[in-house]
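okay, sequence plus prediction incoming.
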Amino acid sequence: MFTLEAIKTLKKSGTVAPSSKFLVKKMTKPINDKDNIIVEFGTGNGVITEGILDKITDNSQILSFELNEAMYLDALETLPEDDRLQLLNESALEFDKFLKEQNIEKVDYFVSSLPLSLLKKADIHYLMNKVTGLLSYGGMFIQYQYSLGKRDLLKGYFPSVRLGFTPLNFPPAFIYYCTMIG
């Protein structure tokens, strides 16, 4: 289902295949075992979401945003029921409204599968301004992309941008680890 839906909506999803277990491991590696607030952009088929669930404490919370209705409905069916997880069929651009409704003031990790290269520049800036304003000190924005095209943009928002890579994904992926501290 994921591949068919991804191909059908390629200009929005930015991918044709689900994330590999190798990419999931690299995306979730920095997440510590403390009580965390995590916002995920792009639930997709839920493999990264499951990777996050495997790493977090019982008192952590994940808000996962998936705009594509078919992928959202599929994730509702395939992801395990878990009190720590809230799936939302909403745009990641409006994530802050949901945080405000739940009285969440800071986020420890943002984990993003958004295809930044396909988003409008204004939307990226809108999103990054919100992310940096709500990221806790020492928190991290983790983003994967298939190119290095947005590296300078991310460096404009985060004083520390480390780069990871996994060739064991289709296509191979770069992982950006962005923090507010150097």
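That came through fine.

got the buried residues for stretch 138-157?
139-145, 150, 154, 157 (16 or more other CB atoms under 10 Å). All C-beta atoms are positioned from the backbone trio N, CA, C, and that covers glycine.

just the ones of those in strands?
Taking DSSP state E as the definition of strands, those contribute 139-145.

among those, which pair sits farthest apart?
139 and 145 (19.8 Å; CB to CB).

could you dump the buried residues of stretch 138-157 to CSV with pLDDT and distance to residue 36?
CSV is the format used below for those (pLDDT from 0 to 100; distance: CB to CB, whole Å):
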residue, pLDDT, distance to residue 36
139, 95, 9
140, 98, 10
141, 98, 14
142, 98, 12
143, 98, 17
144, 97, 19
145, 96, 23
150, 94, 25
154, 97, 21
157, 97, 21
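
pick the one among the residues you listed closest to residue 61.
Nearest to residue 61 among the buried residues of stretch 138-157, with distances taken as CB to CB, is residue 139, at 13.9 Å.

how close does the closest one sit to residue 166?
23 Å (CB to CB, to the nearest Å).

how about residue 140?
17 Å.

any weak-confidence spans in this structure?
Low-confidence segments of the chain (pLDDT under 70): 1-17, 182.

which residue ranges form the helices in it?
2-8, 10-13, 21-28, 47-55, 69-78, 95-101, 121-134, 151-155 (DSSP state H).

would CSV of these with distance to residue 113 be doable?
Shown next, in CSV, are the helices of the chain (distance: least, CB to CB, whole Å):
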stretch, distance to residue 113
helix 2-8, 11
helix 10-13, 9
helix 21-28, 8
helix 47-55, 6
helix 69-78, 11
helix 95-101, 14
helix 121-134, 13
helix 151-155, 15
